[in-house]
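> sequence first, then the predicted structure:
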Amino acid sequence: MKQSNQNEITALYCRLSQDDGADGESNSIQNQRNILERYAREHRFPNPRFYVD
């Protein structure tokens, strides 16, 4: 198994739906974060970082 390099990251991208008019972080974004975080953890992706637009 490959050892994880501390400089490596996993970019996780969440995108806000135009239909979601919530102020602040929407439920859509939070749901996407949860799904992506679980997937990254299960597949042992290194140092996850979230990007949202």
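Looks like it arrived, so ask away.
> how about low-confidence regions in this protein?
Counting by pLDDT under 70, the chain contains low-confidence residues at 1-5, 18-25.
> which strand or helix spans the spatially most central residue of it?
Taking Cα atoms, centre = their mean as the criterion, residue 12 is the residue nearest the geometric centre of the chain, at 3.6 Å. Under DSSP states H and E, the secondary-structure element containing residue 12 is strand 10-14.
> buried residues in that strand, which are they?
12, 14 (16 or more other Cβ atoms under 10 Å). Every residue, glycine included, has its C-beta placed from N, CA and C.
> just checking, what packs against that strand?
helix 27-42, strand 48-52 (3 or more Cβ pairs under 8 Å, 6 or more residues apart in numbering; DSSP states H and E).
> identify the residues contacting it?
29, 32-33, 36-37, 40, 45-53 (Cβ atoms under 8 Å, 6 or more residues apart in numbering).
> next, the angle from that strand to helix 27-42.
Between the axis of strand 10-14 and that of helix 27-42 there is an angle of 160 degrees, by axes from the mean of the first three to the mean of the last three Cα atoms, to 10 degrees.
> mind listing the strands strand 10-14 pairs with, and their directions?
Strands flanking strand 10-14 in the sheet, each with its direction: strand 48-52 (parallel) (DSSP bridges).
> the strand it pairs with: how far from the chain's middle?
Remark: strand 48-52 is offset 5 Å from the chain centroid, using Cα atoms, centre = their mean, to the nearest Å.
> is residue 49 in contact with residue 9, as I believe?
Yes: at 5.0 Å, residue 49 and residue 9 qualify as touching, with contact defined as Cβ atoms under 8 Å.
> tell me the buried residues within the contacts of strand 10-14.
If you count burial by 16+ other Cβ under 10 Å, the buried members of the contacts of strand 10-14 come out as 29, 32-33, 36, 40, 45.
> ok, of those, which one's closest to residue 17?
Using Cβ to Cβ, residue 29 is the member of these that sits closest to residue 17, with 8.7 Å.
> end to end on stretch 10-28, go ahead and measure it.
Stretch 10-28 has an end-to-end distance of 21 Å (criterion: Cα to Cα, to the nearest Å).
> switch the helices and strands packed on strand 10-14 over to a markdown table; also include distance to residue 17.
Supplementary listing: the helices and strands packed on strand 10-14 in a markdown table, determined by distance: least, Cβ to Cβ, whole Å:
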| stretch | distance to residue 17 |
| --- | --- |
| helix 27-42 | 5 |
| strand 48-52 | 12 |
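> appreciated, that's everything.
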